[in-house]
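Engineer: Return a 3D structure for these sequence lines:
(chains A, B, C, D, E and F)
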Number of protein chains: 4
Amino acid sequence: MSTEQLIEAGLITDPDSAKGRLLRTAARLFKDKGFNRSTVRDLASELGMLSGSLFYHYPNKEAILQAVIEESIRRALVRMEDALVQADSVSEKLQALIHCEVEAVHGVVDPGFVIMVPEWRNLSEENQAPILVLRSAYEAVWRAVLDQMYAEGLIAVEGGLMRHFIRGALMETTHWFKASGKLSPRALEEQLYQAVVR
Amino acid sequence: MSTEQLIEAGLITDPDSAKGRLLRTAARLFKDKGFNRSTVRDLASELGMLSGSLFYHYPNKEAILQAVIEESIRRALVRMEDALVQADSVSEKLQALIHCEVEAVHGVVDPGFVIMVPEWRNLSEENQAPILVLRSAYEAVWRAVLDQMYAEGLIAVEGGLMRHFIRGALMETTHWFKASGKLSPRALEEQLYQAVVR
Amino acid sequence: MSTEQLIEAGLITDPDSAKGRLLRTAARLFKDKGFNRSTVRDLASELGMLSGSLFYHYPNKEAILQAVIEESIRRALVRMEDALVQADSVSEKLQALIHCEVEAVHGVVDPGFVIMVPEWRNLSEENQAPILVLRSAYEAVWRAVLDQMYAEGLIAVEGGLMRHFIRGALMETTHWFKASGKLSPRALEEQLYQAVVR
Amino acid sequence: MSTEQLIEAGLITDPDSAKGRLLRTAARLFKDKGFNRSTVRDLASELGMLSGSLFYHYPNKEAILQAVIEESIRRALVRMEDALVQADSVSEKLQALIHCEVEAVHGVVDPGFVIMVPEWRNLSEENQAPILVLRSAYEAVWRAVLDQMYAEGLIAVEGGLMRHFIRGALMETTHWFKASGKLSPRALEEQLYQAVVR
DNA sequence: GATGAATGAGGTTTCATTCAT
DNA sequence: CATGAATGAAACCTCATTCAT
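Structural biologist: From the prediction side, this is the model:
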């Protein structure tokens, strides 16, 4: 499914709509300051409104976080599936996955993707549930590729375990990697690939 | 320096003292519930005292977090240096480092070590500074070993980069690995080593 | 500038607005009980609201004190300039000034004026600064009149010094003088004038 | 009665005793920072002890304030009576009183004297009572002199009123006068005398 | 859709005071 | 006499949330 189709289906919010702006702004804010340290007043003020007005769009602050994360994963899934189509070998597929995840983490498109990890705890179980479903789908794609690589002897440890390692390595980049620094995102991807594939 | 010497030097708190119990309890609490969601009342009540009493020992809540993290790194450094002494080859040294960090992250000894990553933002710059110094020392040990491994062609990417990857992979284990699960800590260490060393 | 103009300019708060009521109530409370002994709960409860609600209007308790004092001086300045216009001789001007200050200190209009002296210390330097500017303007008016009186030989000590003495004498009245007592405010003014003018 | 006699009678504390040091330190502290803003920890730490230890000497913080003020007035009374003995005329007596009060307010001897005014409210009625008695005696001395001056036409307003004015003028000097400045204490005394005596 | 004014629960912190040692 | 640890009430303040307009 394409992004446009997802918007029409109501699965992700049109980024040009008022709600879309809200989510984008929230994503950036939560990423920069953290969810707990971002107040609804902060968010509203960045949107040029008063805090009370937010509650017309979302029932509470947590729902905003939930929407930010959920839509980020949905968009990441779409991008990932698009990328996989163009990859022939399993090695290329892994490279495509790494590329997509680096983009999700450091690209300008989607500030909300990385929020998931540190702010996961701030979601109630009800709000976690729909995200977990999406996340499973997302991880299943990785698993399929890594399992095949392991079967072919291209990586030294079993697919599920390797996914954990790679995910950790990639998420950690938020703490040290700057897209504008000496190491380009492309080089980062290549290096990570080299590090684990023999 | 040994742990006993560190205690005598006032660098780490005697775990049997009142302050030591406070720090240990705080570490566990902050790890389980997160720093922001842990209230001083929670902490005090676990210690069997009233919230005001905490402020006899530390000037504010943040100072407790600072102490928890600082002492955890100090202890980790000691354990790491002890372990390195007994390693002969550089490969054994890397295994020792991985072992120490897995212990720091999942061992019963030191619940405070992993807090550093998610709660770093809750420290003011003044409180970050002394930790950064310790952290540099800690990372320097890793760098030395990994640089040598790279020079010897044992790993595929440069030492600094590989450290970031390994750190990420190890920190991520907090989200999925249970020491009591099917995969033992020892096996985890071995698998991570295999994943990146050729 | 008239009081109405000051309100329009945002320099003083409309006494009929919610904020104006807040300031008036705070002024009285701070005067009666002192700033430190007045709690935000006290203030809120007199206003028929909860303590948290105060912080919608002012960022903290000190800002309320600051506003109370600042506006009191602003109003006092207006009254003083109005009164001076109607005075012909310099002697009449001094009488007018004394009258205004007695009114400021004991009148029903402005309970905030006298707070300045005992509560000055409770303001941070940032909050003192704007008040100091106003105070200088206020004192300059006194100085001009007293300097002229000294030049004409009507008072025995130099204007600046005499102002200190008169200010002290007038502020001290808060400790012993009751407007409803035997000595009327008018008589008090006259007596003070007699005491220092020959 | 001399100071030595007062010490022997237990009416004032020997300044060289531990208690005397406590009171002197408290007086300075309360004067500099205000009673409410001075914590018992501050005081204790200046005395080189811990806060709990203070309560061996005084039952509570307020009692310290009470003692500081009470002894200050007692000492001031002694100095005043000594000074009056050496004055011949009523004019000289007034000058002596002014001199004594300037010394009490700005001298190095007795930092506690001026505390009375701003901190009066912090005393309960029971603690105010014994001070009121002393204060009456103190004020009576002033009244006697000023009444005589009024009777002789040397001042323009009745003694009680003039005392209020002079007290206010003198207490106000705490806010602007520095003994080390251009205007000497002696000159200040002389100017105040000139300001009100014709 | 948005505002502005509150709510109210809950947070951290302060600090005089107590008391066993 | 003094310590050190704790008490406990009360303080200021935060902030998501509500709701009449």
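
Engineer: per-residue confidence for the residue sitting nearest the centre point of chain A?
Structural biologist: Nearest to the mean C-alpha position of chain A, counting by CA atoms, centre = their mean, stands residue A:113 at 2.8 Å. pLDDT for residue A:113: 93.

Engineer: what about it, distance to residue A:75?
Structural biologist: Separation of residue A:113 from residue A:75 (CB to CB, to the nearest Å) stands at 8 Å. (Each C-beta comes from the backbone N, C-alpha and C, glycine too.)

Engineer: now the helices: where do they sit in chain A?
Structural biologist: With DSSP state H as the criterion, chain A has helices at A:3-8, A:18-33, A:40-46, A:51-57, A:61-85, A:90-106, A:116-119, A:125-151, A:159-176, A:185-196.

Engineer: Ok, which of those helices comes nearest residue D:36?
Structural biologist: Evaluated with CB to CB, the helices of chain A place helix A:40-46 nearest to residue D:36, the distance being 32.2 Å.

Engineer: Please identify the buried residues of that closest one?
Structural biologist: If you call a residue buried by 16 or more other CB atoms under 10 Å in any protein chain shown, then helix A:40-46 has these buried ones: A:40, A:43-44.

Engineer: Looking at the residues you listed, spot the one nearest residue D:125.
Structural biologist: The closest of these, once distances to residue D:125 are taken by CB to CB, is residue A:40, at 48.6 Å.

Engineer: show me what contacts that closest one?
Structural biologist: Residues in contact with residue A:40 (CB atoms under 8 Å, 6 or more residues apart in numbering or on different chains) are A:51, A:54, A:61.

Engineer: Residue A:193 too?
Structural biologist: Counting by CB under 8 Å, 6+ apart, residue A:193 touches A:94-95, A:98.

Engineer: Quick one: which of the residues you listed is the most crowded by neighbours?
Structural biologist: Among these, residue A:94 has the most neighbours (other CB atoms under 10 Å in any protein chain shown), with 24 neighbours.

Engineer: Leaving out sequence neighbours, find the closest residue to that one.
Structural biologist: Counting by CB to CB, 6 or more residues apart in numbering or on different chains, residue A:94 lies nearest to residue A:145, which is 5.5 Å off, once chain neighbours are set aside.

Engineer: Distance check, the one you found against residue B:165.
Structural biologist: Counting by CB to CB, the separation of residue A:145 from residue B:165 is 18 Å.

Engineer: The two: which is more packed in?
Structural biologist: residue B:165 (25 against 22).

Engineer: I'd guessed that one sits against residue B:196; true?
Structural biologist: Yes: counting by CB atoms under 8 Å, residue B:196 is a contact partner of residue B:165 at 7.1 Å.

Engineer: what sits in contact with each of the two?
Structural biologist: Common neighbours of residue B:165 and residue B:196 are listed as residue A:195 (criterion: CB under 8 Å, 6+ apart).

Engineer: Skipping adjacent residues, who's closest to residue A:165 in space?
Structural biologist: The shortest distance from residue A:165 to any non-neighbouring residue, by CB to CB, 6+ apart, is to residue B:169 (4.0 Å).

Engineer: ok, how many other residues are close to the one you found?
Structural biologist: By other CB under 10 Å, neighbour count at residue B:169 equals 26.

Engineer: coming back round to it: I'd like the helices of chain A laid out as a markdown table, including distance to residue B:34 and mean pLDDT.
Structural biologist: A markdown table is the format used below for the helices of chain A (distance: least, CB to CB, whole Å; pLDDT from 0 to 100):
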| stretch | distance to residue B:34 | mean pLDDT |
| --- | --- | --- |
| helix A:3-8 | 32 | 76 |
| helix A:18-33 | 15 | 94 |
| helix A:40-46 | 20 | 96 |
| helix A:51-57 | 24 | 95 |
| helix A:61-85 | 14 | 95 |
| helix A:90-106 | 22 | 97 |
| helix A:116-119 | 9 | 92 |
| helix A:125-151 | 15 | 97 |
| helix A:159-176 | 17 | 97 |
| helix A:185-196 | 29 | 98 |
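
Engineer: Format those as CSV; extra columns: distance to DNA strand E.
Structural biologist: What follows is the helices of chain A, written out as CSV (distance: least, CB to the nearest atom of the strand, whole Å):
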stretch, distance to DNA strand E
helix A:3-8, 16
helix A:18-33, 6
helix A:40-46, 7
helix A:51-57, 2
helix A:61-85, 12
helix A:90-106, 29
helix A:116-119, 18
helix A:125-151, 19
helix A:159-176, 25
helix A:185-196, 36
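
Engineer: so can I have JSON lines of the ones you listed showing distance to residue D:182?
Structural biologist: Output for these, formatted as JSON lines (distance: least, CB to CB, whole Å):
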{"stretch": "helix A:3-8", "distance to residue D:182": "78"}
{"stretch": "helix A:18-33", "distance to residue D:182": "53"}
{"stretch": "helix A:40-46", "distance to residue D:182": "52"}
{"stretch": "helix A:51-57", "distance to residue D:182": "55"}
{"stretch": "helix A:61-85", "distance to residue D:182": "61"}
{"stretch": "helix A:90-106", "distance to residue D:182": "66"}
{"stretch": "helix A:116-119", "distance to residue D:182": "63"}
{"stretch": "helix A:125-151", "distance to residue D:182": "71"}
{"stretch": "helix A:159-176", "distance to residue D:182": "61"}
{"stretch": "helix A:185-196", "distance to residue D:182": "70"}
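
Engineer: who's in contact with stretch A:95-113?
Structural biologist: Contacts of stretch A:95-113 (CB under 8 Å, 6+ apart): A:23-24, A:26-28, A:30-31, A:68-69, A:71-73, A:75-76, A:79-80, A:83-84, A:86-87, A:114, A:141-142, A:145, A:166-167, A:170-171, A:173-174, A:177, A:179, A:185-186, A:188-189, A:192-193.

Engineer: Can I get the buried part of the residues you listed as one PyMOL selection?
Structural biologist: To isolate the buried subset of the contacts of stretch A:95-113 in PyMOL, counting by 16+ other CB under 10 Å, use the following:
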select buried, chain A and resi 23+24+26+27+28+30+31+68+69+71+72+73+75+76+79+80+83+84+87+114+141+142+145+166+167+170+171+173+177+185+188+189+192+193
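
Engineer: Residue A:141: what's its closest spatial neighbour, skipping adjacent residues?
Structural biologist: Closest residue to residue A:141 apart from its sequence neighbours, by CB to CB, 6+ apart: residue A:80 at 6.0 Å.

Engineer: wait, doesn't the one you found sit right on residue A:138?
Structural biologist: Yes: if you go by CB under 8 Å, residue A:80 and residue A:138 touch, sitting 7.3 Å apart.

Engineer: For residue A:31, which residues are in contact?
Structural biologist: Going by CB under 8 Å, 6+ apart, residue A:31 touches A:111-112, A:114-115.

Engineer: Please repeat the previous calculation with a cut-off of 6 Å.
Structural biologist: Taking CB atoms under 6 Å, 6 or more residues apart in numbering or on different chains, we find residue A:31 in contact with A:111, A:115.
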